[in-house]
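J.: Fold the following, please.
(3 chains)
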Amino acid sequence: MSEEGLIDSPAVSFAEDEWQGVATAASEDQALYLELDGWEGPLDLLLDLARRQKVDLRRISILELVDQYLTYIEQAEALRLELAADYLVMAAWLAYLKSALLLPRDEQVDPSPEELALRLQLRLQRLAAMRDAAARLMGRDRLGRDVFRRGAPEGLRVDRKNKWQCDWFALVQAYGQVKARTAPVVHMVRDRMVMTLDSALSRVSAMLGVNLDWMELKDFLPPHADPKLRRSAMASSFVAALELARLGKAELQQDSVFGPLMLRGIKA
Amino acid sequence: MRPDDLVRAVEATLFAAEEPMTAEAISTHLGGANVKDALVQLEVQYRERGVQLVERGKRWHFQTAPDLAHLLRREREEVRRLSRAATEVLAIVAYHEPVSRAEIESIRGVQTAKGTLDVLMEAGWVRIVGRREVPGRPVIYATTPEFLSHFGLESRRDLPGIDELRAAGLLDPVEDALAEAMDTVGKQEEAADNDSDETEAEAPD
Amino acid sequence: MRPDDLVRAVEATLFAAEEPMTAEAISTHLGGANVKDALVQLEVQYRERGVQLVERGKRWHFQTAPDLAHLLRREREEVRRLSRAATEVLAIVAYHEPVSRAEIESIRGVQTAKGTLDVLMEAGWVRIVGRREVPGRPVIYATTPEFLSHFGLESRRDLPGIDELRAAGLLDPVEDALAEAMDTVGKQEEAADNDSDETEAEAPD
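T.: Numbering: from 1, shown residues only, chains lettered A, B, ... in the order given. Below you'll find the predicted structure:
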């Protein structure tokens, strides 16, 4: 951990409720002013010490502040008071800062002791600013303490009222749908002209028997049939051709995709 | 305390009070000052305002001016579309009135939630007109004059009859209407690729 | 509505309201009237009275005059007493918002107990307003309109001394102030190149 990290990292600080205090342990005849339990950590103690210099925080002597802090800690230790680790860590860091500030400047040190001192000063200024701000905020005329709202307001009520919308068409259409939905349902099966597979089989095999040349499949269909029957006959004749080929009674040939399907009988 | 300050103190005390206060209680609160004059002054000062100081049974309190009392409780209208179920029920009541809930259900073919009829009554379009003199004496519903005026009808006779509904296609089962629509599309496609040969699938007829 | 009537209506509405109201909410309640002028008139009319109309965070409410506090202060303490830690945290949130817990802790130099922020949120003065888009995405806190109402602030600009603090750079992070200070010091040393007093580090004025 770097030196600057010691001050900046919240990990070094301690929880505000944990400090049990040194003063409770101090005996009455001690002339020493030790009330560590009043502080929330080392930064708080430093701020209090700085304020006792009675100068603008921007002009405090950091060296003097360090000495005061270290004196405090030494006194506490001399009294064998139990100090929270944070205070000791801060003391060690301040001792380092003091020696660095007193030594001839070493250009190589980075950050410079001046920078570290300035950082500490800036943090003290910020804490002091917020402490003052909090005090001024708390001193304002506060609602419920200094100023009061109406004790028994009547209250405002807004009752929602629905305004329903529907139009004539929606009404009539809804009735139509009810009637349509609940009307008795009758299923009608249309009578369609079809050529069954059996009749296609007998027709195709009979025609193959009288002609040994290649014939196009559609030549096997009834020549003057109704278009609907013709479609059915096409399907049935195609399946019949496949069946005859499977049985070895016919062979099929097609030169191109979707091209004419050619059919020829095989002599048994 | 200057007189003005006393008036202001009484004003603030009554404003912040959680209950009406007697003149004595106010006086005690303000260290024994005589508050009678201050109360009278305040009563006059507030007489024309939106808030007034009133005495009720020797106790004083501020209250909203009576003519503005309507501001404390307002109604806000929200426009809402009738649900499909409610529209159907309304249509059945209109075509078949007077009608019981059981009859509505048998016409609709589905159970009708109690809330649906409540909505129609809240809308002011349907009302209870009596009871059917059958076992259980169910209440029967009919439409209201507001119903006619909302839908722009002179009377219920203006509602289209069954034959007119059928002519408009409103009685066709949904499936048939769909099939017909599909058929139209199919025929258009057939016309478009009339050069196809028989081996290709054609649109159904 | 006559202008006077509008003022009376706004007055009555705000008197009766249980919570402070924005001008928009009052307007909505009064059917969309423009209430800005009425609010200004009322504010003036009540300025010298024992009760005053105030605006806090864009919301308006009536409250007793601050100079009468000594007469009205209740016997039992109704305002929650805040610990020193809580008041400091509240001030830091108010002056730096939005601010993360780590930022609060770096100013105070101590860890903030879990309960401290909870107390402020329970009081309704602080709330979580989002997350900072940095690694870990810490939640960030800010004050609420209730905070402004409670402490009698029209807006955050009214926070005591906030302009001076901002001008002095005391609301900027230490790093920023440090960089600027070192820069200034460096330039001064460069310019003067004198025998600077190395033993004391001083902040620039």
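
J.: Next, count neighbours for residue 38.
T.: All of this is about chain A. Counted by other C-beta atoms under 10 Å in any protein chain shown, the residues lying close to A:Gly38 total 13. C-beta: built from backbone N, CA, C; applies to glycine.

J.: if you could check chain B rather than the one you did, that'd help
T.: 25.

J.: could you list every residue that touches it?
T.: If you count contacts by C-beta atoms under 8 Å, 6 or more residues apart in numbering or on different chains, B:Ala38 has them with B:Pro3, B:Leu6, B:Val7, B:Ala9, B:Val10.

J.: list the buried ones in whatever helix or strand it lives in?
T.: If you go by DSSP states H and E, B:Ala38 is part of helix B:36-45. Using 16 or more other C-beta atoms under 10 Å in any protein chain shown as the test for burial, helix B:36-45 gives B:Ala38, B:Leu39, B:Gln41, B:Leu42.

J.: which residues of chain A score low on pLDDT?
T.: A:1-37, A:105-109, A:184-190, A:267-268 (pLDDT under 70).

J.: residue ranges of the strands in it, please?
T.: Ranges of strands in chain A, per DSSP state E, are A:157-165, A:215-216, A:250-254, A:261-265.

J.: What residue in the stretch 1-150 of chain A comes nearest to chain B?
T.: At 3.8 Å from chain B, A:Phe148 is the closest residue in the stretch 1-150 of chain A, using C-beta to the nearest C-beta.

J.: Neighbours of that residue, how many?
T.: 24.

J.: And A:Lys228, by the same measure?
T.: With other C-beta under 10 Å as criterion, A:Lys228 counts 12.

J.: With adjacent residues omitted, what lies nearest to it?
T.: A:Met193 (5.6 Å; C-beta to C-beta, 6 or more residues apart in numbering or on different chains).

J.: what residues are up against that neighbour?
T.: Residues in contact with A:Met193 (C-beta under 8 Å, 6+ apart) are A:Asp226, A:Lys228, A:Leu229, A:Ser232.

J.: residues contacting the residue of the stretch 151-268 of chain A found nearest chain C?
T.: Closest residue of the stretch 151-268 of chain A to chain C, C-beta to the nearest C-beta: A:Glu154 (4.1 Å). Contact partners of A:Glu154, counting by C-beta under 8 Å, 6+ apart, are B:Gln63, B:Thr64, B:Leu72, C:Phe15, C:Ala16.

J.: among those, who's most crowded?
T.: Neighbour counts for the contacts of A:Glu154 (other C-beta under 10 Å) peak at C:Phe15, which has 25 neighbours.

J.: So for that one, what's the pLDDT?
T.: Looking at C:Phe15, its pLDDT stands at 93.

J.: for it, helix, strand, or coil?
T.: helix (DSSP: H, G, I helix; E, B strand; the rest coil).

J.: Burial check on the closest residue to it other than its chain neighbours, number of neighbours?
T.: In space, and not counting its chain neighbours, C:Phe15 is closest to B:Val51: 4.7 Å by C-beta to C-beta, 6+ apart. By other C-beta under 10 Å, 20 other residues sit near B:Val51.

J.: doesn't B:Arg8 fall inside a strand?
T.: No: secondary structure of B:Arg8 (three-state DSSP): helix, not part of a strand.
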